[in-house]
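Peer 1: take a look and give me a structure for this.
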Amino acid sequence: MVKTVTFAVMHFTVAFLVTWALTGDILIGSLVAMVEPAINTVAFYFHEKVWRRITTRKHLGADLQALRA
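Peer 2: So this is what the prediction gives:
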């Protein structure tokens, strides 16, 4: 859990600093630092679901190959 929290803090910080550096606006940097990681978190959830499905199919295929041998 500590690793997850520290990663989130790092992600928010990077999002803020990059946006602030590009725009020079602290308000926009703060807004992007809140919105982008939240959207990225949701996208990552779906990415993991797809990745798990691909991995499961790969393992099932290998198991079928082993049964046929």
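
Peer 1: so where is this protein shaky, pLDDT-wise?
Peer 2: 63-64, 69 (pLDDT under 70).

Peer 1: just say helix, strand or coil for the spatially most central residue of the chain.
Peer 2: Most central in the chain under CA atoms, centre = their mean is residue 44, positioned 3.8 Å from the mean C-alpha point. Under DSSP: H, G, I helix; E, B strand; the rest coil, residue 44 falls in the helix class.

Peer 1: and it, how close does it get to residue 35?
Peer 2: Noted for residue 44: a distance of 15 Å to residue 35, by CB to CB, to the nearest Å. All C-beta atoms are positioned from the backbone trio N, CA, C, and that covers glycine.

Peer 1: show me where the protein has its helices.
Peer 2: Using DSSP state H, the helices of the chain run over residues 2-23, 26-68.

Peer 1: ok, now which ones touch the closest residue to residue 32 other than its chain neighbours?
Peer 2: Of all residues not flanking residue 32 in the chain, residue 19 sits nearest, at 4.1 Å (CB to CB, 6 or more residues apart in numbering). Residue 19 makes contact with 28-29, 32-33 under the criterion CB atoms under 8 Å, 6 or more residues apart in numbering.

Peer 1: again, only using 10 Å
Peer 2: Contacts for residue 19 (CB atoms under 10 Å, 6 or more residues apart in numbering) come out as 25-26, 28-33, 36.

Peer 1: likewise for residue 16?
Peer 2: If you count contacts by CB under 10 Å, 6+ apart, then residue 16 has 26, 28-34, 36-37 around it.

Peer 1: just the buried members of these?
Peer 2: 29, 32-33, 36-37 (16 or more other CB atoms under 10 Å).

Peer 1: can I get those in JSON lines including distance to residue 8?
Peer 2: Below are the buried ones among the contacts of residue 16 laid out as JSON lines (distance: CB to CB, whole Å):
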{"residue": "29", "distance to residue 8": "17"}
{"residue": "32", "distance to residue 8": "15"}
{"residue": "33", "distance to residue 8": "11"}
{"residue": "36", "distance to residue 8": "12"}
{"residue": "37", "distance to residue 8": "7"}
